[in-house]
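Chemist: Give the three-dimensional model of this entry:
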Amino acid sequence: MVTWQVTTGGVLRDADEALSRRWRRPDAPPAGWVEWWAQLGADLGSLAVALPVLLAASAVLWWREAGQARLGGTRPPGGWWWPVAGYAGALAAVPLLVVPLKALVGRPGPLGGTGYYPSGHTATAVVAYGAAAALLAYGSAGRSVRFAVRAAAVLLVTACGTGLVVRGYHWPLDVVGSLLLGTGLLAVAAAITARRPRGAPPPRASPAPAPPDR
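Modeler: Below is the predicted model of the structure:
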């Protein structure tokens, strides 16, 4: 629906452009603290920033599974590489989908140019930070840990999308379209991760406790 509204110039596109004109503060370089923070948020969607976060989360998952293996605890089905491969594939799919869509839609940008829908930075942020949160939460028994990493991912993506609009790099609907696209890619990756690869050993159960002495 978002793509249809953008391509046909529907009522959502009119509201989108009016909202952008109200929020936009494109001064370059950033002239004040609002512009500075907006630029910082927009840069969160850069692959140079987002990819190291995903790699760090992958390393944490590997380290956690290695520790569980040494202690004889339960390991994630398929090993640490299976969820990492699933979410890495989702990130790799971002340019494969975004670049053709940009060329197909050909939407002009707020400050000129063309090919702004959907936002590649937003899609990168959604998938990279969402995947990092999923990897950090993968196999974690702590509810507070799972909540914290997911909340952090939401905050980072929100900062990125807001910064892109405030700085005039994208229209709001460019960001919304990529939010939906990135969420779909994460859902596919999560479904793949939930399936144990063929031939992978089942999770090892912890040893049963000894019966109490009577």
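Chemist: and the gap between residue 174 and residue 64?
Modeler: 37 Å (Cβ to Cβ, to the nearest Å). C-beta here means a position set from N, CA and C on the backbone, and glycine is covered the same way.
Chemist: Please apply the same query to residue 19.
Modeler: Taking Cβ to Cβ, one finds residue 19 at 43 Å from residue 64.
Chemist: ok, these two, which is more surrounded?
Modeler: Using other Cβ atoms under 10 Å, the more surrounded residue of residue 19 and residue 64 is residue 64, with 19 against 14.
Chemist: Okay, now the unreliable bits of this protein?
Modeler: Within the chain, the segments meeting pLDDT under 70 span 4-6, 8, 10, 23-31, 67-78, 139-141, 196-214.
Chemist: and the helix or strand hosting residue 154, which residues are buried?
Modeler: Residue 154 belongs to helix 143-166 when assigned by DSSP states H and E. For helix 143-166, burial by neighbour count (16 or more other Cβ atoms under 10 Å) applies to 146, 149-150, 153, 156-157, 159-166.
Chemist: Contacts only, for the closest residue in space to residue 192 that isn't next to it in sequence.
Modeler: Using Cβ to Cβ, 6 or more residues apart in numbering and skipping the chain neighbours, the partner closest in space to residue 192 is residue 86 (4.3 Å). Each residue near residue 86 by Cβ atoms under 8 Å, 6 or more residues apart in numbering is listed here: 189, 190, 192, 193.
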